[in-house]
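*Asks:* what shape does this take:
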Amino acid sequence: MHKTNRKKIDILNSRPRRISRLDLIEPSDIGIIILSAPDPDYAASAKIVEANSAAALLMKRPRELLVGKKLNAIQGFAETELLEQVKLALRSGEPVVTEKRERQEGTAGKALHVQLFPLSAGCLVLTIEDGSGQAAAREAVKRSEESFQLLIHSVKDYAIIMMDPEGNILSWNDGAERLKGYESDEIIGKNYSIFFTPEDRSAGKPEAQLRKAVETGQSEDEGWLVRKDGWAFWANTVITPVRDEQGRVYAFAKITRDMTERREREESIRVLNEHLEERIEARTAELSRLNEALQSEVRERKNAEEQIRALAARQERVREDERTRLAREIHDALGQMCTALKMDIAWIAKRLPKDQKRLNEKSEGALKLVSELIKSLRRLSTELRPSTLDTLGLVASIEWQAQQFEAHTGIPCELHLPEKDLTLDKERSTAIFRIFQETLTNVARHAGATKVQTSLVVGENDVALITHDNGAGFDLSGVERRGSLGLLGMKERAHLLGGDFKISSFPGKGTTVVVHVPLGAA
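*Replies:* So this is what the prediction gives:
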């Protein structure tokens, strides 16, 4: 229903304009200027989008030099008081009358009568005339109001109507005709409740909106309205009471905007959210069922420690799933890249001439920036299931990684490796290699070491990776309280394979990392 209604509205909207704004204001012998002011709090940004010849004469400038200029760029119209009046008119939505005095050499200056009429959101009409004489002023007001009404009728995007205190329609612009389908001669005099649905009329909604406007100064509402052809559209409506000098309401101004397209977008988003929630609920139910199955299997095999650990690992993988995988990739891949970048920058910084102050400052800034990036990545880090090691195997991979570490940091890495490569499954080879990578990354980031020693020892039932640096060391209890993701990730890799991870460190005495991984199945 709404799409069909939209097509009909678009057909009405596609009719060519019968008259331009300049055609409307040019015949007037008072100055008329149309201002665009999208920000009511910044009146200085108000821009002239149209002006007639009378305005150009009073402002002593060709019309072509006025159009496109900001109001505060026109000499004599940049006074703070005038700009404040523009702001007042935009905020209140009501006409404002003011007076400015044109300065002339040797005279008191000629008074100009200025009126401001809000036309629609962000649009303002400014009229100017010679203020000498009350009769001229009264005539100017009349002409200004006539011009203002012409401009009201030229607005196409908003339905702007005036109503008497009972809600009977007094005026009807082209935007109202386009939006609601009625021509002025068939709607003027009828009550505005004709636009409401039968349900809203029965509930007294038209009368309630007028009461609210009187009580609060304005009534704003969104809901379904009905066109002449019977099609409904979703509209935003603002009703403002118009009062006389004694404060009595003698009319209402009503502005209506078609919001059907926006509501359809919001409805689409709501439906998508509902589908997403359904998928999450289904996935949660599936995980719950799997979790129950795993718990049952654990209870059945509670006497077998290795099987319990395998089931616990499966259960943990099911629960964490996508979250842990993505975090591991961020820590192991991006973290190492950032560390390498930091080491390269540090390497360059050490070799910069000290008289190159600007380059040294830039290198220091880059180091700080990379350090902050590493800190951010560390917060997201966890284990990563690595890709297959290259055909050289674990021993050759560790040797290659040590060479890369030396090349980037300049820190010697002494290796004690088996002469023959180890025959390990993919999961164990990957875990040991990644733990070694993370250990070297931590040395480069934190240790301040001058030497690293690494041994890969094959025992009867397990393989041990032992890495020691002679760096500054640290207080292990403090790191455990903070929950370093790098250390937690290495420990989890070892435990998932039935292995063991230990780290010992003391301030000033360096750090030692020892990892044991069983050769058989975990």
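
*Asks:* can you pull out the low-pLDDT segments for the stretch 301-450 of the chain?
*Replies:* Low-confidence segments of the stretch 301-450 of the chain, defined by pLDDT under 70: 302-333, 335, 377-391.

*Asks:* how many neighbours does residue 376 have?
*Replies:* A count of neighbours around residue 376, defined by other C-beta atoms under 10 Å, yields 12. Glycine gets a C-beta too; all of them are placed from N, C-alpha and C.

*Asks:* doesn't it belong to a helix?
*Replies:* Yes: under DSSP: H, G, I helix; E, B strand; the rest coil, residue 376 sits within a helix.

*Asks:* quick one: mean pLDDT for the helix or strand harbouring residue 283?
*Replies:* Counting by DSSP states H and E, the element that carries residue 283 is helix 260-300. The average pLDDT for helix 260-300 rounds to 85.

*Asks:* what packs against it?
*Replies:* When contacts are defined as 3 or more C-beta pairs under 8 Å, 6 or more residues apart in numbering; DSSP states H and E, helix 260-300 sits against helix 2-13, strand 232-243, helix 305-329.

*Asks:* again, 6 Å this time
*Replies:* strand 232-243, helix 305-329 (3 or more C-beta pairs under 6 Å, 6 or more residues apart in numbering; DSSP states H and E).

*Asks:* which SSE is residue 129 in?
*Replies:* Going by DSSP H and E, residue 129 is in strand 123-130.

*Asks:* same question for residue 514.
*Replies:* strand 511-518.

*Asks:* using CSV, write out every CA atom in that strand.
*Replies:* Output of strand 511-518 as CSV, limited to C-alpha atoms (Å, rounded to 0.1, in the frame of the first residue of the first chain):
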residue,chain,number,x,y,z
THR,A,511,63.3,-14.0,32.2
THR,A,512,63.0,-17.8,31.5
VAL,A,513,60.1,-19.5,29.7
VAL,A,514,59.8,-23.3,29.8
VAL,A,515,57.2,-25.2,27.8
HIS,A,516,56.7,-29.0,27.9
VAL,A,517,54.6,-30.6,25.3
PRO,A,518,53.9,-34.4,25.3
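
*Asks:* what about residue 94, which SS state?
*Replies:* Per three-state DSSP, residue 94 ends up coil.

*Asks:* for it, which non-adjacent residue is closest in space?
*Replies:* Nearest residue to residue 94 in three dimensions, chain neighbours excluded: residue 118, at 6.9 Å (C-beta to C-beta, 6 or more residues apart in numbering).

*Asks:* any idea how far the closest residue in space to residue 408 that isn't next to it in sequence is from residue 434?
*Replies:* The spatially closest residue to residue 408, leaving aside those adjacent along the chain, is residue 343, at 4.2 Å (C-beta to C-beta, 6+ apart). Going from residue 343 to residue 434 by C-beta to C-beta, to the nearest Å gives 19 Å.

*Asks:* same thing with residue 56?
*Replies:* Taken as C-beta to C-beta, the span from residue 56 to residue 434 is 77 Å.

*Asks:* low-confidence regions, the stretch 151-300 of the chain specifically.
*Replies:* Applying pLDDT under 70 to the stretch 151-300 of the chain flags residues 151-157.

*Asks:* what secondary structure does the most far-flung residue of the chain relative to its centre sit in?
*Replies:* In the chain, residue 460 marks the outermost C-alpha relative to the chain mean, sitting 58.5 Å out by C-alpha atoms, centre = their mean. Under the three-state scheme (three-state DSSP), residue 460 adopts coil.

*Asks:* then residue 201?
*Replies:* With three-state DSSP as the criterion, residue 201 reads helix.
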